[in-house]
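Asks: Fold the stuff below for me.
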Amino acid sequence: QVQLVESGGGLVQAGGSLRLSCAASGRTLSSYAMGWFRQAPGKEREFVAAISWSGVNTYYTDSVKGRFTISRDNAKNTVYLQMNSLKPEDTAVYYCARSHSGSYLYSDPDKYDYWGQGTQVTVSS
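Replies: Reported below is the predicted structural model:
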């Protein structure tokens with residue numbers, strides 16, 4: 001079993017920054033790609049970013065390119081999402097998830113098998 005715990009969410013003004021963390025326990029994440037997703041009220045869960053097991057390859061949804069950066073520290077069993085230039089439309093619950101794959105980067109949530117409980121990000125205008 002893998003337990004994923006997100007942290008770092010909060011309330012920030014538009015243009016501000018937050019850094020989310022996703023810490024894993026139970027089993028190592030180092031062999032798996034990881035992803036971040038988000039879900040706003042009344043909307044479906046959407047893909048935000050993914051990173052390969054090595055950290056070499058990353059993939060972002062278009063709306064966050066140039067503003068968000070996904071990274072990982074396998075020694076700490078932790079994945080990060082640095083979010084800059086935040087906009088009110090970034091407001092959502094953010095989830096991290098472990099992929100079925102080590103290298104291939106999926107945007108489909110069905111390709112992820114373990115999920116955290118989520119952390120709320122609220123961006124005020």
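Asks: can I assume residue 72 is in contact with residue 96?
Replies: No. Residue 72 lies out of contact with residue 96 (C-beta atoms under 8 Å); the separation is 10.3 Å. The C-beta positions use only the backbone N, C-alpha and C, and glycine is treated the same way.
Asks: List the contacts of residue 58.
Replies: Contacts for residue 58 were tallied using C-beta atoms under 8 Å, 6 or more residues apart in numbering; they are 49-52, 69-70, 105.
Asks: Kindly recompute the last result at 10 Å.
Replies: Each residue near residue 58 by C-beta atoms under 10 Å, 6 or more residues apart in numbering is listed here: 33, 49-52, 68-72, 105.
Asks: Now a ChimeraX select for only the buried ones of the residues you listed.
Replies: Buried subset of the contacts of residue 58, written as a ChimeraX selection, criterion 16 or more other C-beta atoms under 10 Å:
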select :33,49,50,51,52,68,69,70,72,105
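Asks: now residue 59, nearest residue through space, not along the chain?
Replies: Among residues not flanking residue 59 along the chain, residue 105 sits closest, at 4.1 Å (C-beta to C-beta, 6 or more residues apart in numbering).
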